[in-house]
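Enquirer: Give me a 3D structure for the following:
(2 chains)
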Number of protein chains: 2
Amino acid sequence: MKIGVIGTGSVSKAISGKLAELAHEVTVGARSADSESLEAFAGIDGITTGSFADAAAAGELLFSVVAGDHTIEALEMAGEDALAGKTVIDTSNRLDTSREFALRSTASVDNSTAIQIQERFPEAHIVKSLNTMTNSVMIDPSTVPGDHVVFVSGEDAGAKDQTKLILAEFGWRDAQIVDLGGIASAAAPEMLMPLWMNLVIARGGFDAGPFNFAVNSA
Amino acid sequence: MKIGVIGTGSVSKAISGKLAELAHEVTVGARSADSESLEAFAGIDGITTGSFADAAAAGELLFSVVAGDHTIEALEMAGEDALAGKTVIDTSNRLDTSREFALRSTASVDNSTAIQIQERFPEAHIVKSLNTMTNSVMIDPSTVPGDHVVFVSGEDAGAKDQTKLILAEFGWRDAQIVDLGGIASAAAPEMLMPLWMNLVIARGGFDAGPFNFAVNSA
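Expert: Below is the predicted model:
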């Protein structure tokens, strides 16, 4: 499948690399096609680089992996027409870099990237997913034991099904994929970020190894 | 132990009843000592009823189980002097009853009951706990399988130890009690409420049975 990845940070590196491994044709987009941030993707089999607009145009399905506060701007640069009718998987979190680590999330039911981009780009099919865990777990859930979960929120059933297929290719089992409902539910996993950050600290930092949230029931 | 419970709602009924079963001397407090809301507690062995101030004065340890938006007012009625030096376990969530069910939380890193009451009552030892699950699981964690968790946040190590002992009496095993750190970390479990509400809906309502969050790691 042709997949565009909007953004070049650590989440992009993990997801773009995994998608290429899975033999998808990946275009990674940066603010400009000659951005230094694209150097990390040069020469990787299956990955082409370009601008946000190049990635959006090339992809039949898109990942938006830009930081939450910059997502709308990046998708505007990608081009509203290029997003129309496409599944856009948003993995972002709202972070306030003026705060200390444990408190940097600005998420609330009134400040959700996914809700805001769905409102701004009504013709795109926004799906919130993968924002509640570290990069390595996103693309290899087997590194954490048990039925830990990945959440999926979005208005379009077909777009959520496409997302679930990609998640399955990443290694997520059906029992681990929790459909939370429409895009309004996307605020909930975004509001998990402070708990995730506090757990990183409480566990003694990233060296303690990966973890993920689970939902246990009888 | 003499324990005061500030509040008379469903959380109070669950916790006060369990504490009385465990042979603690419980005083349940309402806005006034002749409040109709206290009738549900009449005649229960081990439970005395009274005003917020009566409960705060009687308890060596206090539970604050009032709705988040009313906690400061209730604790002011309980009396700042009666709280001083005592462990106050806050189980509340921030809910905006003008919103639909799934979106009712107003929690954010800037709107945490526990942080606000610790600031308002600096001599009390506020501990956030138990706000991330349904009442029945709070007092009987064995109804959900596996190492699902209860979070504890607070500044005072002794107050957190007291809280952990009460949690152990409720049936929580050491592996299930996650100390998130100081009171600043209390915003994180409060921000879990929207996810909890969306999961109730996604699972098909309360009839689907109890569930709780877990943190899986290798």
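Enquirer: Going by C-alpha atoms from here, please, whenever you check contacts or count neighbours.
Expert: Fine.
Enquirer: Show the subsequent helix or strand relative to the lengthiest helix in chain A.
Expert: Ranked by residue count under DSSP state H, the longest helix found in chain A is helix A:157-170. The first helix or strand that comes after helix A:157-170 along the chain, using DSSP states H and E, is strand A:177-181.
Enquirer: List the buried residues of that following strand.
Expert: Neighbour-count burial for strand A:177-181 flags A:177-181 (criterion: 16 or more other CA atoms under 10 Å in any protein chain shown).
Enquirer: Stretch A:194-213 now?
Expert: Neighbour-count burial for stretch A:194-213, counted by 16+ other CA under 10 Å, picks out A:194-201, A:203, A:210-213.
Enquirer: Give me the contact list for that stretch.
Expert: Residues from elsewhere that reach stretch A:194-213, judged by CA atoms under 8 Å, 6 or more residues apart in numbering or on different chains: A:101-105, A:132-134, A:136-137, A:143-144, A:148-149, B:109, B:179-181, B:185, B:187-189, B:191-192, B:213-218.
Enquirer: residues from chain A in reach of chain B?
Expert: Residues of chain A found near chain B (CA under 8 Å from any CA of the partner chain) are A:102-103, A:105-109, A:143-146, A:148, A:179-181, A:184-185, A:187-189, A:191-195, A:198-199, A:202, A:209-218.
Enquirer: Just flag the most distant two among the buried residues of strand A:177-181.
Expert: Spatial extent of the buried residues of strand A:177-181 (CA to CA) is set by the pair A:I177 and A:G181 at 12.1 Å.
Enquirer: overlap in contacts of the two?
Expert: With CA under 8 Å, 6+ apart as the test, A:I177 and A:G181 both reach A:V152.
Enquirer: average pLDDT across stretch A:189-206?
Expert: Averaging pLDDT along stretch A:189-206 gives 93.
Enquirer: From one end of that stretch to the other, what's the distance?
Expert: This stretch, stretch A:189-206, spans 21 Å end to end (CA to CA, to the nearest Å).
Enquirer: can you check stretch A:200-218 too?
Expert: Across stretch A:200-218, first to last residue, CA to CA, it's 28 Å.
Enquirer: Run the chain-centre distance for the lowest-mean-pLDDT helix or strand in chain A.
Expert: Ranking every helix and strand in chain A by mean pLDDT, DSSP states H and E puts helix A:193-202 at the bottom, with a mean of 93. The chain centroid and the centroid of helix A:193-202 are separated by 19 Å under CA atoms, centre = their mean, to the nearest Å.
Enquirer: what is the orientation angle of the helix or strand that that helix is followed by with helix A:193-202?
Expert: Once helix A:193-202 ends, the next helix or strand along the chain (criterion: DSSP H and E) is strand A:211-217. Orientation of strand A:211-217 against helix A:193-202 (axes from the mean of the first three to the mean of the last three CA atoms, to 10 degrees) gives an angle of 120 degrees.
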